[in-house]
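Novice: coords below, sequence missing:
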């Protein structure tokens, strides 16, 4: 079944999973920007229901890989497929209904109440003339409640702290109700309590059927909350598998240049 045949993105995802086809995949994927190779020859297959953390040093190419997987940057070579179909051949509205993305935190150029920002997640579903429907408003309210920002719903996003804004953009992605959720550093700017709450929320969403892919810097969080970890170094995929295999001491030393004891992985695996 292709996206053209499917009634909904959820149906396309389910059909791909049933057929054993990765719901999101990169094959020999390379991206060159400004004449500089950012990622090179990456093969990565994500199955329905995966919970995958992408880790690696700053500048390794993690965010570029996410942007390529979501169609925000074009590959220099190789392919990206969504449910077996070339991503470039799928219309952007359908992609937006299939992939919900929380990018690196950006400044908003104008003022908007929190509720209106979260409601942007319903644009792929919103009829162009009638605006938000009851189902859309329910999705927005549910997303705001799940992230725990009900007390902020009428505030201007620009006056919020960086951590509060991060929660707003996570709620925006949840409001899309997409079967695949992709996050670039979802815990940045958050205090430790909110970091743990977001990790638990992502785990809960995954256990309910959402496929989750997240870039993380905190190796302990990655090891504790994500059953699969892919490590990127110098633009290449150097490891992919369970935390105990991917985050072994030798690899942490060689890729991150730090003593493995400093990341306290043993406690995270308890």
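Specialist: Thanks, I have it. Bear in mind that the values here come from a model prediction, so they are computed numbers and not experimental data.

Novice: alpha carbons only for contacts and neighbour counts from here, please
Specialist: Noted.

Novice: Could I get the full set of helices for this structure?
Specialist: Taking DSSP state H to define them, one finds helices in the chain at 9-18, 62-69, 92-98, 114-119, 134-147, 162-175, 192-207, 219-225, 243-246, 249-256, 265-268.

Novice: Now for the residue nearest to residue 59 when sequence neighbours are not counted: which residues touch it?
Specialist: The shortest distance from residue 59 to any non-neighbouring residue, by C-alpha to C-alpha, 6 or more residues apart in numbering, is to residue 234 (7.6 Å). Applying C-alpha atoms under 8 Å, 6 or more residues apart in numbering to residue 234 gives the contacts 38-39, 59-61.

Novice: Could you export the helices of the chain as CSV, including mean neighbour count, distance to residue 75 and mean pLDDT?
Specialist: Output for those, formatted as CSV (neighbours: other C-alpha atoms under 10 Å; distance: least, C-alpha to C-alpha, whole Å; pLDDT from 0 to 100):
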stretch, mean neighbour count, distance to residue 75, mean pLDDT
helix 9-18, 19, 23, 86
helix 62-69, 23, 6, 95
helix 92-98, 18, 17, 90
helix 114-119, 22, 30, 94
helix 134-147, 18, 33, 93
helix 162-175, 24, 24, 91
helix 192-207, 16, 28, 92
helix 219-225, 20, 27, 92
helix 243-246, 18, 26, 90
helix 249-256, 15, 25, 91
helix 265-268, 14, 34, 43
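
Novice: so which of those helices comes closest to residue 34?
Specialist: Of all those, helix 62-69 sits nearest to residue 34, with 13.2 Å by C-alpha to C-alpha.

Novice: And the buried ones among the contacts of residue 234, selectable in ChimeraX?
Specialist: Typed into ChimeraX, the line below selects the buried ones among the contacts of residue 234, using 16 or more other C-alpha atoms under 10 Å:
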select :38,39,60,61
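
Novice: Which two of the contacts of residue 234 have the greatest separation?
Specialist: The widest separation within the contacts of residue 234 (C-alpha to C-alpha) is 10.1 Å, between 39 and 59.
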